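Student: Compute the structure for the input listed below.
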Amino acid sequence: MTYEEALAWIHSRLKFGSRPGLIRIKALLELLGNPHRDLAIIHVGGTNGKGSTLAFLRSLFQEYGLKVGTFTSPYLVKFNERMSIDEIPISDEDLVKYVEKIRPLVDEMDKDDSLAGITEFEIITAMTFDYFKQEQVDLAIVEVGLGGLLDSTNVVEPLASVITTIGLDHMDILGDTIEEIAYQKAGIIKTNKLTVVGKVPPEALEVIRNVSTEKQSPLFVLGEQFVYDKSDRKAQTFSFKTKDEDLQNLHIPLIGYHQFDNASVAIETFLLLASKFDLTPTESGIQRALNQVSWPGRMEVVQQKPLILIDGAHNEPAVDVMVDNLAAYYGDKKIISLFSAISTKDIQPMMQKIIMASKGNFYVTTFDYPTAVNLTKYHQLGVPDDHIFKEWWTGVDALKKQLDENTVLVITGSLYFISNVRKYLVKETND
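Tutor: Residues are numbered from 1 along each chain as shown. A predicted model of the protein is given here:
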């Protein structure tokens, strides 16, 4: 089997869509010998901020010598990066090896009506656990795919469950209210295991408290058991405090006020778990770790001259954060925006907020993805014909020509769209 054939087989399972529930993943993991049970795991859920928080966690534990596996979605450059160890994606050869191992098991499951139709995400979840076990990682940081309670990653018994943020997204699956969505997210909380929570609405926190109390899970909440203070927002420096720690003048390289939240959640989780790995955290060690963090596609400057920023603001809460960051960091510049999304999102309120932030300098496009919003939809929502680009790359090139030293181009929307644009711009810069 070639790499291309392995990838094609994985993607062939996309036809089964998203199927919440744990029966299929549990059956597949049983056939693999339940590799997840031999892993030390941090489980990261939430509406937004999962990836950045994971990146901070990874860097903190790597700084202290741990071999860290990460399972993330989606990917920005290459599929393999979804399952990485110490920031190195699984090799093409290993991916083929694990597909060859798992495919016969899936074929057998497909013969059983109660187990047939296991999805792409369920398969790569199982593959990742098997890969991490075979490679003997010291720690696996696992990002929830969708929701939490019925997500295929929720077979794990983690050292800690992390809930970053909670907002209105995937309402067709998770529920129409913050409380309903919070209940799904809180589904990753485990009995007698730590739970660390970021900045969430009061009504969501109440749901989380109830679940953590029911499961006797020690709860650590941003703004309560740990806090931070922004020393200098534009310089991305802050202080972090708990009853036992007082870390001053910490710097993070990721842009955006929300990254103070994500970094603080990661630091708190790291400090709570350090003793389990016989680690002795120091302020200098934590700072070294923070300095190494990168998370592409989120408020990322991909070109300086002209200034081009990409941000995967793929839902309304993420757009709110992006708009606030644009005002704080680029408020003195003219903003031009290019947007593209997938049809499962409520794009009208997202568009309205970006239009206001860019004072009408708002353009849309589409991209090659099964559920990408088509151009007709944008036209129906009132986008003028001369603000619609048939091909996204012609849009990028055309808008670049409008840039000067007082203008920033912000390319935003679906992470799948951002992935395409980032590859295009990075290649252009390298060439």
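
Student: Pull out the buried positions in stretch 79-96.
Tutor: Using 16 or more other C-beta atoms under 10 Å as the burial criterion, the residues of stretch 79-96 that qualify are 79-85, 89-90, 92, 94-96. (C-beta placed from N, C-alpha, C; glycine too.)

Student: I'd like the distance between Glu283 and Gly65.
Tutor: Shown here: Glu283 relative to Gly65, a distance of 18 Å by C-beta to C-beta, to the nearest Å.

Student: So the two - more neighbours on which side?
Tutor: When Glu283 and Gly65 are compared for neighbours, Glu283 comes out ahead with 14 against 10, by other C-beta atoms under 10 Å.

Student: My understanding was that that one contacts Asn249; is that so?
Tutor: No - no contact is recorded between Glu283 and Asn249 when judged using C-beta atoms under 8 Å, the distance being 9.2 Å.

Student: What's the first helix or strand after the longest helix seen in the chain?
Tutor: Using DSSP state H to assign secondary structure, the helix with the most residues in the chain is helix 92-109. Counting by DSSP states H and E, the element after helix 92-109 in chain order, helix or strand, is helix 120-134.

Student: okay, now the residue nearest to Asp110 when sequence neighbours are not counted: neighbour count?
Tutor: Of all residues beyond its chain neighbours, the one nearest Asp110 is Ala116 (4.7 Å), with distances taken as C-beta to C-beta, 6 or more residues apart in numbering. Applying other C-beta under 10 Å, we find 12 residues neighbouring Ala116.

Student: Just the mean pLDDT for the longest helix of the chain, thanks.
Tutor: Helix 92-109 shows a mean pLDDT of 98.

Student: Which residues does stretch 104-120 contact?
Tutor: 10-11, 13-14, 16-19, 23-25, 27-28, 31-32, 123, 152 (C-beta atoms under 8 Å, 6 or more residues apart in numbering).

Student: per-domain residue ranges of the protein.
Tutor: The chain breaks down into these domains under automatic domain parsing: 3-291, 300-430.

Student: chain center to the first one, what's the gap?
Tutor: When C-alpha coordinates are averaged (C-alpha atoms, centre = their mean, to the nearest Å), domain 3-291 and its chain have centres 9 Å apart.

Student: Would you work out how far apart the start and end of it are?
Tutor: 35 Å (C-alpha to C-alpha, to the nearest Å).

Student: do the same with stretch 339-359
Tutor: In terms of C-alpha to C-alpha, the two terminal residues of stretch 339-359 are separated by 14 Å.

Student: Same check on stretch 327-337?
Tutor: Terminal-residue distance, stretch 327-337 (C-alpha to C-alpha): 14 Å.

Student: Show the average pLDDT along it.
Tutor: So the average pLDDT for stretch 327-337 ends up being 93.

Student: what's stretch 387-404 in contact with?
Tutor: Stretch 387-404 has contacts (C-beta under 8 Å, 6+ apart) with 306-308, 336, 338, 340, 362-367, 375, 378-379, 409, 411, 417, 420-421, 424-425.

Student: Just the buried residues of those.
Tutor: Buried residues within the contacts of stretch 387-404, defined by neighbour count using 16+ other C-beta under 10 Å: 307-308, 336, 338, 340, 362-367, 375, 378, 409, 411, 417, 420-421, 424-425.

Student: which ones are touching Val302?
Tutor: Applying C-beta under 8 Å, 6+ apart, we find Val302 in contact with 308-310, 422, 425-426, 429.

Student: Could you verify that it is part of a strand?
Tutor: Yes - residue assignment for Val302, taken from DSSP: H, G, I helix; E, B strand; the rest coil, places it within a strand.

Student: and the longest helix of the chain, which residues are buried?
Tutor: Neighbour-count burial for helix 92-109, with 16+ other C-beta under 10 Å as criterion, is recorded at 92, 94-99, 102, 105-106, 109.

Student: so which of these comes closest to Tyr131?
Tutor: Taking C-beta to C-beta as the measure, Tyr131 lies nearest Tyr98 of the buried residues of helix 92-109, at 5.8 Å.

Student: Could you check how many residues crowd around the nearest residue to that closest one once chain neighbours are set aside?
Tutor: Nearest-residue entry for Tyr98: Met127, 4.7 Å, with adjacent residues in sequence omitted and distances by C-beta to C-beta, 6+ apart. Neighbouring residues of Met127 were enumerated by other C-beta under 10 Å; the total is 25.

Student: how close does Met127 sit to Gly69?
Tutor: According to C-beta to C-beta, Met127 and Gly69 sit 12 Å apart.

Student: for Leu403, same thing?
Tutor: Distance, Leu403 to Gly69, using C-beta to C-beta: 40 Å.

Student: same thing with Thr280?
Tutor: Separation of Thr280 from Gly69 (C-beta to C-beta) stands at 23 Å.

Student: Those two: which has the busier surroundings?
Tutor: Neighbours per residue (other C-beta under 10 Å) separate Thr280 from Gly69, with Gly69 holding more: 27 against 8.

Student: Asn406 - how many residues pack around it?
Tutor: If we define neighbours as other C-beta under 10 Å, then Asn406 has 9 of them.

Student: got a list of what it touches?
Tutor: When contacts are counted by C-beta under 8 Å, 6+ apart, Asn406 touches 332-334.

Student: Tabulate those residues (a markdown table), appending distance to Lys353, secondary structure and neighbour count.
Tutor: Supplementary listing: the contacts of Asn406 in a markdown table, determined by distance: C-beta to C-beta, whole Å; DSSP: H, G, I helix; E, B strand; the rest coil; neighbours: other C-beta atoms under 10 Å:
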| residue | distance to Lys353 | secondary structure | neighbour count |
| --- | --- | --- | --- |
| Asp332 | 20 | coil | 7 |
| Lys333 | 18 | coil | 15 |
| Lys334 | 17 | strand | 15 |
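
Student: quick one, helices of the stretch 201-350 of the chain?
Tutor: With DSSP state H, counting those that start in this stretch as the definition, the stretch 201-350 of the chain shows helices at residue ranges 202-214, 258-273, 283-291, 316-330, 347-357.

Student: for those, which one ends up most surrounded?
Tutor: Highest mean neighbour count of these: helix 258-273, a mean of 25 (counted as mean count of other C-beta atoms under 10 Å).
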